[in-house]
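Asker: Okay, here's the prediction I keep looking at, along with the sequence it came from:
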Amino acid sequence: MTGQRAYQSPTERVQAWADGSTLHIRFNNPTRHNALSVDMWQAVPSLLRQAEGDEAIRLVVFSGAGEKSFVSGADISQFEDMRAAREAVKQYEALAEEALMAIYLCAKPTLACIRGYCIGGGVNVAISCDLRIASDDSSFAIPAARLGLGYRLSALKNLVDLVGVGVAKDLFFTARRIDAAEAKSVGLITRVCPGANLDALLKEYTDAMAQNAPLTVHAGKRIMQEILKPDADLDRDLCQQLIRQCFDSEDYAEGRRAFMEKRKPAFRGH
């Protein structure tokens, strides 16, 4: 595709490439329905650091290889080695936490493009992203209660912030699987479409991010993160600084000129 550039991924089980202003990160473990292995968790922060240093990137898209799964959870074939002993549990959880927080805190907008199974760790990846779209044949579950796993505070907070405490308790306590229609109705995902239309729906987002003012998007993302904090912790000075940066930018001047000249603006992120 035009404008496609390779990104350096530390493992073949995570594919990464830039297409225009979008970085695609694809989980590539299809024989295990893209279950997340240790090397896959480790790859995410490295790729996001590359994206944050790349001025051309305006959106990061996470997807799963194949037609059957986004992410089906953790790779349980590694449980005996990685999660049986106390220190191994700490190591595994630290890797997952680092990856998920890297997604949540990424300065660039992030989007989960979901097709098929989105289970356990897959839900955690999705709810760490800013945006979530899915094919209508996707399914979602958090099966921790069926496995006896402890769940991280950050993951449960993301879930509660997104869907509310009532829905979060329903999904977590029962470990039941829901379809894409119910996931949309409870706010777990934003938009659903037939599988054949998922690429077209994704293109709506990649095109919008390519055209819209990146400083404005960044400021909005960062301010919304502040809004989710307790009021006493909200950094109002930072919010005002982010707003001023937008109004002081070349992009704001370009936006005004384009409006007066009745043309599309060409934003550069400066």
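Answerer: Perfect, thanks for sending it. Numbers count the residues shown, from 1 in each chain.
Asker: what's the helix or strand for Val192?
Answerer: Using DSSP states H and E, Val192 maps to strand 191-193.
Asker: continuing past that strand, what's the next helix or strand?
Answerer: Defined by DSSP H and E, the subsequent element after strand 191-193 is helix 198-211.
Asker: which helices and strands sit right next to the strand holding Val192?
Answerer: strand 131-135, helix 180-185, helix 198-211 (3 or more C-beta pairs under 8 Å, 6 or more residues apart in numbering; DSSP states H and E). Where C-beta positions appear, they are placed from N, C-alpha and C, glycine not excepted.
Asker: Output the first one as CSV, restricted to C-alpha atoms.
Answerer: It refers to strand 131-135. Written as CSV, here are the backbone C-alpha positions of strand 131-135 (Å, rounded to 0.1, in the frame of the first residue of the first chain):
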residue,chain,number,x,y,z
LEU,A,131,-11.4,3.7,20.5
ARG,A,132,-12.9,0.2,19.9
ILE,A,133,-14.7,-1.0,16.8
ALA,A,134,-15.7,-4.6,16.1
SER,A,135,-17.2,-7.0,13.5
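Asker: Pairing partners for it, with directions?
Answerer: strand 110-114 (parallel), strand 191-193 (parallel) (DSSP bridges).
Asker: Domain map for the protein?
Answerer: Domains of the chain are assigned by automatic domain parsing as 4-209, 212-260.
Asker: Output the below-cut-off pLDDT ranges for the protein.
Answerer: 1-3, 76-88 (pLDDT under 70).
Asker: on that earlier part again, what about the strands paired with strand 131-135, which gets the closest to Gly120?
Answerer: Evaluated with C-beta to C-beta, the strands paired with strand 131-135 place strand 110-114 nearest to Gly120, the distance being 13.5 Å.
Asker: buried set for that closest one?
Answerer: 110-114 (16 or more other C-beta atoms under 10 Å).
Asker: wait, which of these is closest to Met260?
Answerer: Leu111 (32.1 Å).
Asker: bridging residues for the closest one?
Answerer: Where Leu111 sits in a bridge, its partners, by DSSP bridges, are Val61, Leu131.
Asker: Which residues are in contact with it?
Answerer: 59-62, 129-133, 202, 205 (C-beta atoms under 8 Å, 6 or more residues apart in numbering).
Asker: Would you format those residues as CSV with distance to Gln91 and neighbour count included?
Answerer: As requested, those are exported to CSV (distance: C-beta to C-beta, whole Å; neighbours: other C-beta atoms under 10 Å):
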residue, distance to Gln91, neighbour count
Leu59, 31, 26
Val60, 26, 26
Val61, 29, 22
Phe62, 23, 25
Cys129, 25, 22
Asp130, 28, 20
Leu131, 31, 17
Arg132, 29, 27
Ile133, 33, 25
Leu202, 34, 19
Tyr205, 35, 19
